[in-house]
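*Asks:* sequence unknown, structure follows:
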């Protein structure tokens, strides 16, 4: 399939081409060894020879299949290394279409090894059965000198580049070093961990992310033709506000949804006092149901569903609660209602809950793909909750700091219906850090 955008802005596509024995597979494996999990290697020989067992022809089925696999992996959030001889006249259209459609960074490399060096490298292989099957005559007949893709798409890596140098160059030019995930926090696994976010909102690592406030104002999404649900409406219309940059990303996410499907905006900015009330109410609900739990246990459990006030993304104007509707504005089935608690929803509020119908999972995937492709991070306990440039998003993306901190919505300049428009917000100093006894404080830095 061509013509459809694929991958995400943060995915990387690396194409490594060259003649037999040029080091393509070694380079691909070297990239994976450097980066770790998260890189998909899509090898021409694996698909053509092992999966399909077909000859390399201009009409080979492996050509389209390679492109399909690469797109699927990119859409799933993997970085992709596509490697093989991949003759330009046979595979060029598939590769150039893939590069054109990829939303993230794409780099193509051609490993230029002379025929003489190719034969020497081939003879050094330890696989005797392979050497008996693939002779020098085969390599000579397959060899094409500098078989480059059209349009100057490729960077040529010369034969004297060592494997280490080749991998280092690709890593440097694609930015894979900066994207490499850090080791996950070492936490004691607990029941339900597979269903929640990799790091709970209450984790000290979230609060430890510094905020460098960028000063973007809050803007009202109702002034930008969004479908806005009134269920969280407040007298000042605070609920319909987000940071300017978040609005841009919301517009992008909306454009990525299929025809006949639209975003329904439910809640954005939430004043600190309101966030504190939400957190306290849910913690008290848990305390009533579990009178034997300690304050620390209650804080941790409440934080899995409601962000602690000191780091709540909503109070920074950085988070949105959204779901999907059809073209007539009717909500689609995403498994449970927005803001359903884990107890009420039997766990289906979790983004990747296993007990979803096929239809609900499909709709949830549409929402997740659109929002993540637009640069949002989902919080895994709530399929509807996404944030950008706050502390939680910064931690998940391994950014050194967050851009959005706590902010206050000024009094409205003018009002329409029950909402305040064109207000002039400004950053506020973070309240004192929460006490160490695990109880939720009445304030704190939020992102």
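*Replies:* Yep, that arrived. For clarity, every value in this text was computed on a predicted model and none was experimentally measured.
*Asks:* Now do the end-to-end distance for stretch 264-278.
*Replies:* Across its full length, stretch 264-278 reaches 22 Å end to end, with C-alpha to C-alpha, to the nearest Å as the criterion.
*Asks:* quick one: average confidence on that stretch?
*Replies:* Looking at stretch 264-278 alone, the average pLDDT works out to 90.
*Asks:* Buried ones in it, by neighbour count?
*Replies:* Neighbour-count burial for stretch 264-278 flags 264-272, 274-276, 278 (criterion: 16 or more other C-beta atoms under 10 Å). The C-beta positions use only the backbone N, C-alpha and C, and glycine is treated the same way.
*Asks:* What of stretch 228-241?
*Replies:* For stretch 228-241, the neighbour count (16+ other C-beta under 10 Å) marks 228, 229, 232, 233, 234, 236, 237, 238, 239, 240, 241 as buried.
*Asks:* any idea which of these is closest to residue 303?
*Replies:* Using C-beta to C-beta, residue 232 comes nearest to residue 303 of the buried residues of stretch 228-241, at 20.5 Å.
*Asks:* thought that closest one was touching residue 265?
*Replies:* No - between residue 232 and residue 265 there is no contact under C-beta atoms under 8 Å: 9.6 Å.
*Asks:* Determine the longest helix present in this protein.
*Replies:* helix 272-289 (DSSP state H).
*Asks:* Now do the helices in the stretch 101-250 of the chain.
*Replies:* 115-123, 128-133, 136-142, 163-174, 176-179, 204-208, 244-255 (DSSP state H, counting those that start in this stretch).
*Asks:* so for the third one, what's the average pLDDT?
*Replies:* Helix 136-142 carries an average pLDDT of 82.
*Asks:* contact partners of that helix?
*Replies:* For helix 136-142, the external contacting residues (C-beta atoms under 8 Å, 6 or more residues apart in numbering) are 19, 20, 21, 85, 115, 118, 119, 122.
*Asks:* From the centre of this structure, give me the residue that's furthest out.
*Replies:* Within the chain, the residue lying farthest from the chain centre (C-alpha atoms, centre = their mean) is residue 137, at 46.6 Å.
*Asks:* quick revisit: type out the PyMOL command that picks the buried ones from the contacts of helix 136-142.
*Replies:* The PyMOL command for the buried members of those (criterion: 16+ other C-beta under 10 Å) is given here:
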select buried, resi 19+20+21+85+118+119+122
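*Asks:* Out of the contacts of helix 136-142, which is nearest to residue 287?
*Replies:* Nearest to residue 287 among the contacts of helix 136-142, with distances taken as C-beta to C-beta, is residue 85, at 64.9 Å.
*Asks:* which residues touch the most centrally placed residue in the chain?
*Replies:* Most central in the chain under C-alpha atoms, centre = their mean is residue 372, positioned 4.9 Å from the mean C-alpha point. Applying C-beta under 8 Å, 6+ apart, we find residue 372 in contact with 8, 77, 378.
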